[in-house]
Structure formats: structure tokens, C-alpha cells
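K.L.:
coordinates only, sequence not included:
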């Protein structure tokens, strides 16, 4: 298991120009609410490009607090709002747009049901008008924190129950049909407190649930993952954490068939508590963990995580320090968990971020609440950020021989929604850390990168005349209005024998040279589709190290084959294909590339 920290950036250094919005920079913010307390818990981009927010309100409605649903256009301007509930307290924690263009909301109710608090489910049409409501639970306290429409048109809800189960509180999982009628319920946990915060249907039709447990694990609280089959029967459970409290708030199945969970840790990291990211394989075994925090803040938590279209992760939560208070906290990582950037948002009072989603333009939408802005004591807070352009350089070897090739991979994360062009300069230096005073070569290249993520391979030919020692290379320049730079250090050694003679300059060879394609076996790669989410067409891109039979297929959440997009012999190099999903309904789909021994599966979201 590898642990990665936000402060250890590695070979990535990102500089953002002040002339354009860079990755994570604010495009706009909005507040919603009245003169009392209002707060947002969940946000999703809708099929029309706008947003839907599930929240609570004490400013409007029938009771002490009501479920609050806010629909906006793509600029965050309000189209309509609705409240749901009775004379007591009711709250909404999770919302999803359904296949009929309506909405499903989960939370809790004290106005209706069998106990003091019951799970509350509200189904609406596309205008937020109520189609039906349901409550679930027993004589104790029961709450629903997460809801998702399932592949059969019904719903899955996760939360906690003190009415049923083995302990004081247990994970509570409810499966309903499309009308909200209960098909089955399950509880998971031990003799103490176990709370489920997040659920997602998996590609095989089962479910993954994340939360925290005091019944199992190494500490007082541990992150708790429960994996079930389609009937809710347990396949496996896992705990993650150390001897101090650790919490899990959000989970998602990833494109490789594994899982990623976000939360908070006091056992690891740089501060009193840090954002905690756990990446697992399909069996729940940890592949790596990441902690993010430090700097000006003492305390960070991650409440929401999503895999991004390029295979990385975006996490939303909160950061706190004495004298500053709470700010919305956003962390963007690579697929390996290395931090690309982090941002905070807010004002002079307390501001929280509860939910994040990547948007169709490559940016992000964050929902929470603010005490710094708005009309009341607290308001629903919506922050729209830019995707921008980021760059990562990955060195493909720790050392290189004189007269051979120094190879590296360049990853461009273009979240602007359109192509960016400019000049990148590839440089070699005598000595570490890319000291401009020790530059040996400087090779400019005019480049254009399409929207989405692009991977390209390069190599420098190391001159025979260069003596063994420490060297560095860099890539820097401007794409559009974005300034980028990264530096790589390596050792050049005397491997010998080599050809006599000396090169006066290093030569940069790009991936599209045939001799380089034949020499790099790792060049076969499936890239993330773009756009994602999409309606109703998307582009698949992939590279092939060598010619051969290629198969690209589309699958549903259950893993069933829906369509074969490519099936035949293709030459080595870069390939693109457009998929038209007009005949399919909104939802999560997977696309799979098979080329020789290479197999890769990624996830995409169709929104209509």
C-alpha cells in the first residue's frame, strides 16, 4: 500500500496565468435561501446543462425545516424551487435526476412515518411537483443519506437505522421498485455504531456502501466498505484506518472495476485531520491511500468524491483553522492519487462543501452552505469552477545510458471544453532541478491539444559526449492562456560500449515517429471519452503500440454487452471513434478496449 500526501507533488508543477481561469478557479457563485437557515447537501448537473440541488430550508415550507429542491440553469440562475415535508423537521441529503427527467430525493422526516425520524423518499416530475413520497423505518431513528436510481428503474437508499440490526446503529440499505414500494431491506454492522453515508450500484448489479464503523477495525472509528450482490446479501466487508478516528463519507466504483472512498483521517496525514482517499481493487483490497491537507489549515474532511473523465479524482469537503474558520475545500488528483491542485472557497464566516460533480465543460460544480454570503443566517451555496489546463510529466526510467534514449510521457488535462494551442519548449540541463543557468538544449514545439486528456510520449537522445552524472529535463510553455511547467531529474550513467563520436545537440523524438512506436510497449492505452457526461454522442480515443485485432465494446451496469463499436484489425497509432447513444436511456455505462493482451474498461455517463 502506498500513501500519498498533498504536499508531496513530485514532478508536477502547475503555474496558472492570471489572464484566464485556471483549474479550480471560480467562474461564478450563487446563493439560495431566505432570512433563516438554509443549506445544500447534494448537486447534480442535469440533462439540460443546468443543476439540481437537494437541501434543507428553515426559511420556507410547512415545518421547522423542509426538504428544499432548487433547479437552476447553466449559469446558476434559479428556474424554480420546491419544498417537501410536514409540520416537523424534514431534510434532503441526496438527489438524482431520473430517467423520466424527474428527480428522486432521499433524506429524513420527523413529520411522517413510524418513528421519531424515518428515511424519507420524494419522487417528483421534471418541474419538482410531487409524484409520490414514502417513509421507511421503525420505532427508532432512521435516516437516508444517499439515493440512486437502479438499472431496473427502482431505487437504492443507504443510511443508518437504530430500529433494526445488531447494534446501536447499523448500515441501512433499502431497495424499492419504481413506485417506492419496498422490495427488501438489509442491515450491516456489529454491536456498536455503524453509519452508511453513500451507495452506488455496481457494474454487476450489486451495491457498494461506504460509511464508518465502531464495531470493527483498528481504531475508535474506521472507514467501512460493504459490498453486496443484487439482493443485498454481503459479498465482503473491509475497514480502513489507524488507531485514531477515520470516517468514510463517499464511494464510487471506478473505471477499472475497483472502488474509491473519500472521508477524513486523524490516523494519518499532516494535520489534526486530513482528507482521506482510499483506492481499492474489485475485492476491496487497498491499492493506495492518499491524505490531503496542511498548509494554512489544521483540519480537513472530504465529503464527496467522483472519478473524473481522465481517470483522476475530484474531492469536495471542508478546511478549518483557528482564526480563519471553515472554508469549502476542493482537491483534484491524478489517477494515482497524486495531487494536481487544491482550492478553497468562501468568505469571512463559515462555508462548507458537501457535494461535487465534474461538469460537461470539464469544470466542477460544488454545493454546500455559506454563512459568509446570501440573505440569511446561512444559505445554500453553489460554486462553479473552471476546468482549465494542467500538465503532468511522467519519467519512464530512473537512469539512462549515454547514446540511448531518455523517455517520458506527457499528460495534458484540458478541461476548457475546447482545443488549446501554443508552444511548449523541451529543455535539457546539466545538473538537477532544471536550473536555467545550466541549460544544454532548448527545443520549441508548436502544439495543439483537443478537449479532454491527451497522453503523448517523447524521448531525448542522450549524446555520447555527455559524461555520467546528474541531469534534468523540463517541459514548459503556454497553451492558450495557461502557463505550464514541469521538471524531471535523472541520472545518466556510463553503460558502454557505445558508438564513437559526439552529438553536439540532443534530439527530441515524438511518439508519432515509427521507430519510437515500435520501441515503447506501453503505448497501447485507452483514454477517457469526451465529452463525459454526454448527450447523445461521445468520442472514444485510444493508441495502439502495434497493429493487430482490436475490439471496443459498450456494457451496462450489470456488465452485459450492449454494442460492439470496433471489431477488426487496426494499424498502430492513434485512433478515434464516435459512439451515438441516441437509442439508450440516461445512466452509467462502461466501454472496454481489448487489443492483444491489453484490456481496459472505463466508465461514462449518458445524460439526456
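P.N.:
Great, that's in hand. Bear in mind that the values here come from a model prediction, so they are computed numbers and not experimental data.
K.L.:
Domain map for the chain?
P.N.:
As assigned by automatic domain parsing, the chain contains the domains 26-249+273-285+361-387, 391-510, 524-606.
K.L.:
out of everything not next to it in sequence, what's closest to residue 69?
P.N.:
Sequence neighbours aside, residue 82 is the residue nearest to residue 69 in space, at 4.5 Å (criterion: C-beta to C-beta, 6 or more residues apart in numbering). Where you see a C-beta, it was placed from the backbone N, CA and C, and this is true even at glycine.
K.L.:
quick one: contacts for residue 346?
P.N.:
Contacts here follow C-beta atoms under 8 Å, 6 or more residues apart in numbering; on that basis residue 346 touches 326, 327, 328, 370, 372.
K.L.:
Can you give me the buried ones in the helix or strand encompassing the second one?
P.N.:
Using DSSP states H and E, residue 327 maps to strand 325-333. Within strand 325-333, the residues that count as buried by 16 or more other C-beta atoms under 10 Å are 325, 326, 327, 328, 329, 330, 331, 332, 333.
K.L.:
Which strands and helices lie in contact with the helix or strand that contains residue 486?
P.N.:
The secondary structure element spanning residue 486 is strand 482-493 (assigned by DSSP H and E). In this structure, strand 482-493 packs against strand 12-14, strand 389-395, strand 399-401, strand 405-414, strand 469-479, with contacts taken as 3 or more C-beta pairs under 8 Å, 6 or more residues apart in numbering; DSSP states H and E.
K.L.:
taking the mean pLDDT, what do you get for the first one?
P.N.:
For strand 12-14, the per-residue pLDDT values average out at 30.
K.L.:
Pull the distance from the helix or strand immediately after that strand in the chain to the chain's centre.
P.N.:
Sequence-wise, the next helix or strand beyond strand 12-14 is strand 26-32, with elements assigned using DSSP H and E. Once both centres are worked out by C-alpha atoms, centre = their mean, to the nearest Å, strand 26-32 turns out to sit 21 Å from its chain's centre.
K.L.:
what comes into contact with strand 26-32?
P.N.:
21, 38, 40, 53, 55, 70, 72, 75-78, 81, 345, 363, 370, 373-375, 379-386.
K.L.:
Go again with 6 Å.
P.N.:
Taking C-beta atoms under 6 Å, 6 or more residues apart in numbering as the criterion, the residues outside strand 26-32 that touch it are 70, 76, 373, 374, 379, 380, 381, 382, 383, 384, 385, 386.
K.L.:
Buried ones in that strand, by neighbour count?
P.N.:
Neighbour-count burial for strand 26-32 flags 27, 29, 30, 31, 32 (criterion: 16+ other C-beta under 10 Å).
K.L.:
Which parts of this protein are helices?
P.N.:
With DSSP state H applied, the chain shows helices at 514-519, listed in chain order.
K.L.:
of all the buried residues of strand 325-333, which comes closest to residue 275?
P.N.:
When the buried residues of strand 325-333 are compared for distance to residue 275 (C-beta to C-beta), residue 331 wins out at 6.0 Å.
K.L.:
Bridge partners for the closest one, pull those for me.
P.N.:
Applying DSSP bridges to residue 331 gives these bridge partners: residue 315, residue 342.
K.L.:
for residue 119, same thing?
P.N.:
Legend: beta-bridge partners of residue 119 under DSSP bridges are residue 108, residue 136.
K.L.:
do you know how far residue 117 is from residue 435?
P.N.:
Residue 117 sits 63 Å away from residue 435, going by C-beta to C-beta, to the nearest Å.
K.L.:
higher neighbour count, those two?
P.N.:
With neighbours defined as other C-beta atoms under 10 Å, residue 117 and residue 435 compare such that residue 117 has more, 23 against 13.
K.L.:
List of residues touching stretch 138-145?
P.N.:
93, 106, 108, 114-119, 157, 159-164, 197.
K.L.:
at 8 Å what do you get?
P.N.:
Outside stretch 138-145, the residues that touch it by C-beta under 8 Å, 6+ apart are 93-94, 106-108, 114-121, 136, 157-164, 172, 174, 196-198.
K.L.:
Just the terminal-to-terminal distance for it.
P.N.:
Distance between the boundary residues of stretch 138-145 (C-alpha to C-alpha, to the nearest Å) amounts to 17 Å.
K.L.:
per-residue confidence averaged over that stretch?
P.N.:
Model confidence over stretch 138-145, given as mean pLDDT, is 97.
K.L.:
And that stretch, how far out from the chain middle?
P.N.:
In terms of C-alpha atoms, centre = their mean, the centre of stretch 138-145 is set 29 Å apart from its chain centre.
K.L.:
Then stretch 568-583?
P.N.:
Taking C-alpha atoms, centre = their mean, one finds the center of stretch 568-583 at 25 Å from the center of the full chain.
K.L.:
Now do that stretch: everything it contacts.
P.N.:
Under the criterion C-beta under 8 Å, 6+ apart, residues 512, 517-518, 529, 534, 536-550, 552, 554, 563, 565-566, 589, 591, 606 lie in contact with stretch 568-583.
K.L.:
Show me which residues of it are buried.
P.N.:
By neighbour count, and taking 16+ other C-beta under 10 Å as the criterion, the buried residues in stretch 568-583 are 572, 574, 575, 579, 581.
K.L.:
Report the rounded mean pLDDT for that stretch.
P.N.:
Across stretch 568-583, pLDDT averages out at 84.
K.L.:
distance between the ends of that stretch?
P.N.:
OK, stretch 568-583 end separation, C-alpha to C-alpha: 24 Å.
K.L.:
What sits closest to residue 589 if chain neighbours are left out?
P.N.:
Sequence neighbours aside, residue 604 is the residue nearest to residue 589 in space, at 5.5 Å (criterion: C-beta to C-beta, 6+ apart).
K.L.:
so what pLDDT did the one you found get?
P.N.:
pLDDT for residue 604: 83.
K.L.:
That one and residue 333, how far apart?
P.N.:
Spatial separation of residue 604 from residue 333 under the definition C-beta to C-beta is 20 Å.
K.L.:
Also residue 584?
P.N.:
Counting by C-beta to C-beta, the gap from residue 584 to residue 333 is 30 Å.
K.L.:
Also residue 453?
P.N.:
14 Å.
K.L.:
For residue 185, which non-adjacent residue is spatially closest?
P.N.:
Once flanking residues are discounted, residue 185 sits nearest to residue 174: 5.0 Å by C-beta to C-beta, 6+ apart.
K.L.:
per-residue pLDDT, residue 52?
P.N.:
Residue-level pLDDT assigned to residue 52 equals 98.
K.L.:
Quick check: beta-bridge partners of it?
P.N.:
Under DSSP bridges, the beta-bridge partners of residue 52 are residue 44, residue 71.
K.L.:
Can you name the residues that contact it?
P.N.:
So residue 52 contacts 43, 44, 46, 69, 70, 71, 72, 95, 97, 103 (C-beta under 8 Å, 6+ apart).
K.L.:
Equivalent analysis for residue 164, please.
P.N.:
Neighbour list for residue 164: 138, 170, 172, 185, 187 [criterion: C-beta under 8 Å, 6+ apart].
K.L.:
Residue 213 too?
P.N.:
Each residue near residue 213 by C-beta under 8 Å, 6+ apart is listed here: 189, 190, 192, 193, 194, 221, 222, 224, 239.
K.L.:
try it again with 7 Å
P.N.:
189, 194, 222, 224, 239 (C-beta atoms under 7 Å, 6 or more residues apart in numbering).
K.L.:
That one bridge partners, please.
P.N.:
Beta-bridge pairing of residue 213 under DSSP bridges involves residue 194, residue 222.
K.L.:
What's the separation between it and residue 438?
P.N.:
54 Å.
K.L.:
swap in residue 67?
P.N.:
Applying C-beta to C-beta, the value for residue 67 to residue 438 is 63 Å.
K.L.:
Counting neighbours, go ahead and name the busier of those two.
P.N.:
Counting neighbours by other C-beta under 10 Å for residue 67 and for residue 438 shows that residue 67 has the greater number, 28 against 14.
K.L.:
Hmm, the more buried one is touching residue 107, no?
P.N.:
Yes: applying C-beta atoms under 7 Å, one finds residue 67 in contact with residue 107, separated by 5.7 Å.
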